[in-house]
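*Asks:* attaching a predicted model along with its sequence, questions to come.
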Amino acid sequence: MMPKAVLLTLLSVLNTNGQEATMIPDPLTALEGRPVTTPEAWRKDRRPEILELFRACEYGRTPRDPFTMTYEVFDEDPKALGGKAIRRQVAIHLGRNGKNLRLDLLLFLPPSAEGKAVPVFTLLNFSGNHTVHADPAIAFPRGLVPKQFQGGRGAKASRFPVEAILARGYGLATAFCGDIDPDFDDGFKNGAHALFDSPGDRPDDAWGTIGAWAWGLSRILDYLVTDPQVDAERVAVLGHSRLGKTALWAGAQDERFSMVISNNSGSGGAALARNKQGERIKDGIEQFPYWYCAHYRNYVNREDELPMDQHMLLALMAPRPVYVASATEDTWADPEGEFLSCVHAGPVYRLFGLDGVGAAELPPPDSPLHRGMIGYHLRTGKHDLTAYDWEQYMDFAELHWR
Ligand code: GCU
């Protein structure tokens, strides 16, 4: 179900060597050709139009049907991690049509949360909450963890520098993505899909797994805004790789997330699909068709026909701060395509009188750009989420959440 009249206004884009590389849709020209010149017109007309393009063509439509939700705090320790943390584990119970889904949220807050609500970074994890930190009180996941992601307590701790996050006064909220929806092709029989999807043929724009994970992030936020120790105005959504694509889609749909961070999200995430190096839509569809809606398959080897591109996903965050991070050896994700997306989301921020990424050329490795509302860095090294990446996100948050 594509919008009927799709008239693309294309902008010519230079690659970072200054050569003309490709043409991308103009975020500030509406589909029927009208220029968008005010923040009001962006909010009223163009933003909904772009959101609809991502629903119809890429991630699918998030169901709006009612569901039930209850919270159960099943673990609470105000002196966890040797007194450095408040630890809380919350079962979020979601229900619909007699079916239930349980999502276990792990929340670490700094001791300062005893006196005032603190800002929190929210992210899904690939391997279960117990892999985030060696703390023996963290519950194991109930569902299946895919073999390639399995690990023992603290196995993924390098991606979650809990003590460093708490020491800077931030909280960390995380849940296992498999609690929300499994990361394999299950015919959409389990997880959030089982709650909402009707049996039979799936429409072309039915939501995929990224859509389900993004929905789960919003349910986590539903809980967080009720927790008096969490500053509901300062909750960031972050994600690495496939979960970075998910964080962007969650942040685009749910404007309660006041900052959105994509770590090495690549194809279907921050990187422009047009002229993409490394992974293309074809690769994503061959390996992970269930992440996207069926309509997205129409753009395999036909990226130029997309009515939108990923810079417009970043633009949906405006005027909120958004951050994109790449890594030098992560050519599959395409650092240049991720950076160009930041550059071309810039005009929408400028419409709000704000600066975008503040550079036209890919910065050298380990030279973060933090001044504008679009943050960016190219870290030396591999596809990963590291302590260095976290330091940048916290610096950026400190600047923009002041
Ligand atoms: C694969 C996939 C990427 C994805 C990554 C990940 O490499 O092609 O699109 O980002 O897995 O999630 O680790």
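*Replies:* Thanks, I have the structure now.
*Asks:* before we move on, which element is the spatially most central residue of the chain in?
*Replies:* When Cα atoms, centre = their mean is applied to the chain, the residue found nearest the centroid is residue 247 (1.0 Å). Assigned by DSSP states H and E, residue 247 belongs to helix 242-253.
*Asks:* can whichever helix or strand comes after that helix be found next to the ligand?
*Replies:* Per DSSP H and E, the first helix or strand lying C-terminal to helix 242-253 is strand 259-263. No: judged by Cβ under 6 Å from any ligand atom, strand 259-263 and the ligand are separated, with a smallest distance of 10.0 Å. Heads up, the C-betas are built off the backbone N, CA and C, glycines and all.
*Asks:* and what of stretch 142-150?
*Replies:* No: using Cβ under 6 Å from any ligand atom, stretch 142-150 stays clear of the ligand, coming no nearer than 9.3 Å.
*Asks:* which parts of that stretch are buried?
*Replies:* Using 16 or more other Cβ atoms under 10 Å as the test for burial, stretch 142-150 gives 143, 145, 149.
*Asks:* and the end-to-end length of that stretch?
*Replies:* Stretch 142-150 stretches 13 Å from its first residue to its last (Cα to Cα, to the nearest Å).
*Asks:* other residues contacting the worst-scoring helix or strand of the chain on mean pLDDT?
*Replies:* When each helix and strand of the chain is scored by mean pLDDT, DSSP states H and E, strand 10-14 comes last, with a mean of 70. With contact meaning Cβ atoms under 8 Å, 6 or more residues apart in numbering, strand 10-14 is reached by 20-26, 272, 274-275, 340, 344, 360.
*Asks:* same thing but 10 Å
*Replies:* Defining contact as Cβ atoms under 10 Å, 6 or more residues apart in numbering, one finds that strand 10-14 is touched by 20-29, 272, 274-275, 304, 309, 311, 340, 343-344, 347, 360-361.
*Asks:* tell me the strands beside that strand, with direction?
*Replies:* Strand 10-14 has the following strand partners under DSSP bridges: strand 20-25 (antiparallel).
*Asks:* ok, back up a step: for the buried residues of stretch 142-150, which one is nearest the ligand?
*Replies:* residue 149 (9.3 Å; Cβ to the nearest ligand atom).
*Asks:* list the contacts of that closest one.
*Replies:* Here residue 149 is in contact with 125-128, 131, 155-156, 176-178, 183 (criterion: Cβ under 10 Å, 6+ apart).
*Asks:* which of these tops the neighbour count?
*Replies:* residue 177 (31 neighbours; other Cβ atoms under 10 Å).
*Asks:* so that one is in contact with residue 244, correct?
*Replies:* No: if you go by Cβ atoms under 10 Å, residue 177 and residue 244 don't touch, sitting 11.8 Å apart.
*Asks:* got any residues that touch both of these two?
*Replies:* Contacts common to residue 177 and residue 244, judged by Cβ under 10 Å, 6+ apart, are 123-124.
*Asks:* any of the contacts of strand 10-14 buried? List them.
*Replies:* Taking 16+ other Cβ under 10 Å as the criterion, what is buried in the contacts of strand 10-14 is 21-29, 272, 274-275, 309, 311, 340, 343-344, 347.
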